[in-house]
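Engineer: this one's sequence-less:
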Ligand code: PA5
C-alpha cells in the first residue's frame with residue numbers, strides 16, 4: 001500500500017508528504033528570511049523560548065542542543081504566564097506559527113510589561129501586529145503550512161537570533177551538515193522510495209495498530225517528544241514518549257508484567273553514535289525487557305557528526321513515519337480538527 005502513490009494521495013489529500021520532503025530547502029529558505037535580522041540584547045542571564053505545540057518544539061530542540069554549550073540556561077515556556085524569575089536580564093523568543101495562539105500572546109504581553117528584551121517569529125497574526133506596534137523585532141515566516149510542517153522556519157531563525165546576540169557562534173558549518181544529512185534522509189524515506197529500502201515505511205508497517213512508545217536520551221528527548229506529537233497529529237494515534245535514563249527508575253517496572261497491552265506495543269529507541277557506554281548499556285537492558293514483554297522493538301540511529309544534524313536526522317525519520325502511519329490508518333495527515341475546534345471555542349470566551 002505504501003508503495004502505491006495513487007493510494008497515498010487518496011489519503012494525503014493536502015500533500016503533507018510533499019511538504020515534509022522539502023525540509024532541507026525550507027532550512028535554506030528560513031536562513032535567507034532572517035539574513036538581515038537586527039536584534040540586540042544587553043547583559044543577559046538566561047534565555048526563555050515561549051510557544052506551544054508545533055512551534056514550541058523548536059525551543060526544546062535548541063535547549064538540548066545548547067545544553068553543553070551555552071553559558072546561561074535556556075528555558076522553554078508553554079503557558080499563559082512567564083516564570084517569576086524572568087526579568088530584564090532574560091532574553092525571550094516568542095514562537096507562534098499562526099501568531100494567534102493565546103498562551104503565547106499572553107506571555108508575550110507579560111514580557112513587554114516586564115521589559116524583557118524579546119523577538120517574535122510568526123507567519124502573521126496578532127503576534128506580528130503587536131510586535132510591530134511595540135517595536136519588537138519580528139521575523140515573518142511564510143504562511144500556508146501546518147505549524148508542525150514549518151519547523152525549519154521557527155527553528156533556524158531562532159538559532160540565528162541566538163547567534164546574533166552572541167550566545168553561540170560559528171553555526172553555519174553545523175547547519176550545512178544538517179541540510180546535507182536531511183537531504184539523505186529525505187531520499188531514503190520519501191514516498192517514491194520503495195518499502196525494501198525505506199526505513200520510515202518499514203517502521204510504520206511494523207507499528208500500525210500498536211501503542212507506540214518512543215525513548216530518547218538527553219539531546220534526543222525533544223526528538224522523542226516530536227515523534228509522539230507527530231504521531232498524535234499526523235497519524236491520529238495515541239502515543240507516548242519517555243526519557244533515558246529517567247525511565248529506568250520507573251517506566252521499566254511497568255514492562256516487567258507481560259500483558260495484552262505490552263504485546264500490542266512498539267518501542268522505538270532513538271539511538272546515537274555518541275551515546276556514552278552507560279547509556280548504551282541502559283538501552284540494551286531496556287530492549288531485553290521490552291522484548292520479553294512481547295513488544296516489537298525498533299531502533300533508529302542518528303546520522304551526521306554534529307549534534308544539530310544528529311537531532312534533526314532522527315526528527316526527520318519520525319516525521320515520515322507519522323505520515324505513513326496516517327496513510328495506513330486511512331487518514332489525511334494534515335487536518336487537526338480537534339485542535340481547531342478547541343481554539344475556536346476558547347476564542348469565543
Ligand atoms: O501542530 C499544531 O498544529 C499545534 O501543535 C500548534 O503548533 C499549536 O496549537 C500552536 O499553534 P501555533 O504554532 O500557530 O502557535
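Structural biologist: Arrived safely, thanks for sending. Remember, it's a predicted structure, so these values are computed and weren't measured experimentally.
Engineer: closest approach to the ligand from the stretch 151-300 of the chain, which residue is it?
Structural biologist: residue 233 (5.3 Å; C-beta to the nearest ligand atom). Backbone N, C-alpha and C define where each C-beta goes, glycine included.
Engineer: give me every residue that touches that residue.
Structural biologist: Taking C-beta atoms under 8 Å, 6 or more residues apart in numbering, we find residue 233 in contact with 54, 146, 148, 322, 333, 336, 339.
Engineer: one more time with 7 Å
Structural biologist: Neighbour list for residue 233: 148, 336 [criterion: C-beta atoms under 7 Å, 6 or more residues apart in numbering].
Engineer: quick check: it vs residue 333, distance?
Structural biologist: Computed as C-beta to C-beta, to the nearest Å, the residue 233 to residue 333 distance reads 8 Å.
Engineer: and whichever residue of the chain sits closest to the ligand, how many residues sit next to it?
Structural biologist: The ligand sits closest to residue 53 of the chain, with a gap of 2.1 Å, by C-beta to the nearest ligand atom. When counting by other C-beta atoms under 10 Å, one arrives at 20 neighbours for residue 53.
Engineer: and for the one 10 residues further on?
Structural biologist: By the other C-beta under 10 Å criterion, the neighbourhood of residue 63 contains 19 residues.
Engineer: my guess is it contacts residue 76, does it?
Structural biologist: Yes: Residue 63 is in contact with residue 76 according to C-beta atoms under 7 Å; the separation is 5.7 Å.
Engineer: for the protein, what lies in contact range of the ligand?
Structural biologist: The chain comes close to the ligand at residues 52-55, 96-98, 101, 104, 146-148, 233, 336, 339, as judged by C-beta under 6 Å from any ligand atom.
Engineer: where exactly do the strands run in the stretch 1-150 of the chain?
Structural biologist: Under the criterion DSSP state E, counting those that start in this stretch, the stretch 1-150 of the chain contains strands at 46-50, 74-77, 90-95, 118-122, 138-140.
Engineer: so can I have a markdown table of these showing mean neighbour count and mean pLDDT?
Structural biologist: Formatted as a markdown table, the strands of the stretch 1-150 of the chain follow (neighbours: other C-beta atoms under 10 Å; pLDDT from 0 to 100):
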| stretch | mean neighbour count | mean pLDDT |
| --- | --- | --- |
| strand 46-50 | 25 | 98 |
| strand 74-77 | 20 | 98 |
| strand 90-95 | 28 | 98 |
| strand 118-122 | 28 | 98 |
| strand 138-140 | 21 | 97 |
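Engineer: in TSV, list these along with distance to residue 21.
Structural biologist: Compiled in TSV, those are given as follows (distance: least, C-beta to C-beta, whole Å):
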stretch	distance to residue 21
strand 46-50	27
strand 74-77	28
strand 90-95	23
strand 118-122	23
strand 138-140	24
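Engineer: if we can go back for a sec, ok, now how distant is the residue of the chain closest to the ligand from residue 152?
Structural biologist: 16 Å.
Engineer: now residue 65
Structural biologist: Counting by C-beta to C-beta, the gap from residue 65 to residue 152 is 14 Å.
Engineer: repeat that for residue 144.
Structural biologist: 14 Å.
Engineer: quick one, which of those two is more surrounded?
Structural biologist: It is residue 152, of residue 144 and residue 152, that has more neighbours when counted by other C-beta under 10 Å, with 25 against 8.
Engineer: list the contacts for the more buried one?
Structural biologist: By C-beta under 7 Å, 6+ apart, the contact set of residue 152 is 23, 26, 27, 30.
Engineer: for residue 153, same thing?
Structural biologist: 26, 30, 141, 142.
Engineer: that one belongs to a strand?
Structural biologist: No: counting by DSSP: H, G, I helix; E, B strand; the rest coil, residue 153 is not found in a strand; it is helix.
Engineer: which residues in the stretch 201-349 of the chain form strands?
Structural biologist: Under DSSP E, counting those that start in this stretch, the stretch 201-349 of the chain gives strands at 211-217, 239-244, 265-271, 296-301.
Engineer: ok and the longest helix along the chain relative to strand 265-271, angle-wise?
Structural biologist: For the chain, the longest helix by residue count, based on DSSP state H, is helix 307-328. Relative orientation of helix 307-328 versus strand 265-271 (axes from the mean of the first three to the mean of the last three C-alpha atoms, to 10 degrees): 160 degrees.
Engineer: next one: helix 307-328 to chain centre, how far?
Structural biologist: Mean-position distance between helix 307-328 and its chain equals 9 Å (C-alpha atoms, centre = their mean, to the nearest Å).
Engineer: looking only at pLDDT, what's the mean for it?
Structural biologist: Averaging pLDDT along helix 307-328 yields 98.
Engineer: that one - contacts with which helices or strands?
Structural biologist: Judged by 3 or more C-beta pairs under 7 Å, 6 or more residues apart in numbering; DSSP states H and E, helix 307-328 is in contact with helix 5-11, helix 16-21, helix 53-65, helix 172-189, helix 199-207, helix 221-233.
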